[in-house]
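J.: Coordinates for the following, if possible.
(one chain, ligands or ions: 1)
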Amino acid sequence: MLITFEGIDFCGKSTQVELLKTYLLEQNKNVHLIREPGGTELSEKVREILLDKKNNSMVMETEIFLFSASRAQLVREVIRPYLEKGFYVISDRFHDSSTAYQGYGRGLPVDVIMSINSLAIGETIPDITFFIDIPIEVSARRKSKKTHDDLDRIEISDNSFFERVRNGYLQIAKSEKRYRVLDGTQSIDIVSNQIRNEIKKFESDK
Ligand code: TYD
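T.: Got it, this is the predicted structure:
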C-alpha cells in the first residue's frame, strides 16, 4: 500500500508520518518511509539544489522538472521494489505537492503539471493521501518561530503563495477519492487516531 502525506509547510505532517510508521510496525507490518524530494542518491543531490536558498534565480519551469526528476528516480529505484515486496510505503509528500506548489502556487498550468506527474510516477498512484489542512495564519505563526537560516528556498515564500498552495490542495481533494482531509489544528493524538481509523477502514473495505 502506498500512503502519501500532503500539506502546506509547518502543517505537522512529518510528526504524523512518524506516528503512522510506529503504529504499522506495532502491527508487525513491513514499513518503508520516504520523504520528497529525496530518497535515492541521485534524488538527494537534486533535493540540495532545490532547497538551497543560493539558487534564487531558479525559474519555475526548472523547479517542476527537478522535483519530477527526483520523483521519477524514487518511484523506480525505491517505491516500486518495496511495494512489490508487500511493504507499506509512506511518503512525506508526493506528486500532489508539485500540482499544489508548482501548479496552483507558482502558476504553471495545472494540466501540464499533471502530465509531467504522470510521466514521473506512471501507474504508481497512492492508495490513500492524507492532506493535513491548517489555515495560513497557523503556518505563518509556526514559521515565525524559525530563523531565516532555518528556512529553505520554498519556505521563505510569502503568505499569498501558501494560500494558493492550500487552495490548490483543497481543489485536488475535491476530485480525488484517495484524499482524506484532516483538520491539522486538532491535537496530534486526535489527528493520529483519525489516520489509523482511515487505514483500518481502507483495509477492511479491500
Ligand atoms: P521539506 O524540508 O521536505 O519540507 P516539508 O517538511 O514541508 O515537506 O522541503 C520540501 C519543500 O519543497 C516544501 O516547501 C514543499 C516543496 N515541494 C514543492 O514545491 N514541490 C514538490 O513537488 C515537492 C515534493 C516539495
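
J.: for residue 182, what are its contacts?
T.: 130, 131, 132, 133, 191, 194, 195 (Cβ atoms under 8 Å, 6 or more residues apart in numbering). For the C-beta atoms, the positions are set from N, CA and C on the backbone; glycine is no exception.

J.: now do residue 17
T.: 5, 33, 35, 90, 92.

J.: ok, which of the residues you listed also contact the ligand?
T.: Filtering these for neighbours of the ligand using Cβ under 6 Å from any ligand atom leaves 35, 92.

J.: As JSON lines, the contacts of residue 17 with secondary structure and distance to residue 199 would be great.
T.: Converted to JSON lines, the contacts of residue 17 look like this (DSSP: H, G, I helix; E, B strand; the rest coil; distance: Cβ to Cβ, whole Å):
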{"residue": "5", "secondary structure": "strand", "distance to residue 199": "12"}
{"residue": "33", "secondary structure": "strand", "distance to residue 199": "15"}
{"residue": "35", "secondary structure": "strand", "distance to residue 199": "19"}
{"residue": "90", "secondary structure": "strand", "distance to residue 199": "10"}
{"residue": "92", "secondary structure": "strand", "distance to residue 199": "16"}
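
J.: from the contacts of residue 17, which two are the most distant?
T.: Taking Cβ to Cβ as the measure, these span a maximum distance of 10.4 Å, between 5 and 33.

J.: who has more neighbours, the two?
T.: residue 5 (28 against 17; other Cβ atoms under 10 Å).

J.: Might one say that the more buried one is in contact with residue 130?
T.: Yes: counting by Cβ atoms under 8 Å, residue 5 sits close enough to residue 130 to count as a contact (5.1 Å).

J.: what do these two both touch?
T.: By Cβ under 8 Å, 6+ apart, the residues touching both residue 5 and residue 130 are 13, 16.

J.: What helices and strands are in contact with the worst-scoring helix or strand of the chain on mean pLDDT?
T.: Within the chain, no helix or strand scores below helix 136-144, which has a mean of 93 by mean pLDDT, DSSP states H and E. Applying 3 or more Cβ pairs under 8 Å, 6 or more residues apart in numbering; DSSP states H and E, one finds that helix 136-144 contacts helix 159-175.

J.: How about residues contacting the helix it packs on?
T.: 6-9, 96, 99-101, 103-107, 110, 131, 133, 135-136, 139-140, 179, 181.

J.: can you do 7 Å?
T.: Helix 159-175 is contacted from outside by 6, 8-9, 96, 99-101, 103-105, 131, 136, 139-140, 179, 181, using Cβ atoms under 7 Å, 6 or more residues apart in numbering.

J.: What residues does the spatially most central residue of the chain make contact with?
T.: For the chain, the residue nearest the mean C-alpha position is residue 93 (1.5 Å; Cα atoms, centre = their mean). Residue 93 is in contact with 5, 6, 35, 36, counting by Cβ under 7 Å, 6+ apart.

J.: Give me the buried subset of the residues you listed.
T.: 5, 6, 35, 36 (16 or more other Cβ atoms under 10 Å).

J.: Quick check: residue 197 vs residue 59, distance?
T.: Between residue 197 and residue 59 the distance is 43 Å, computed by Cβ to Cβ, to the nearest Å.

J.: The two - which one has more neighbours?
T.: residue 197 (11 against 8).
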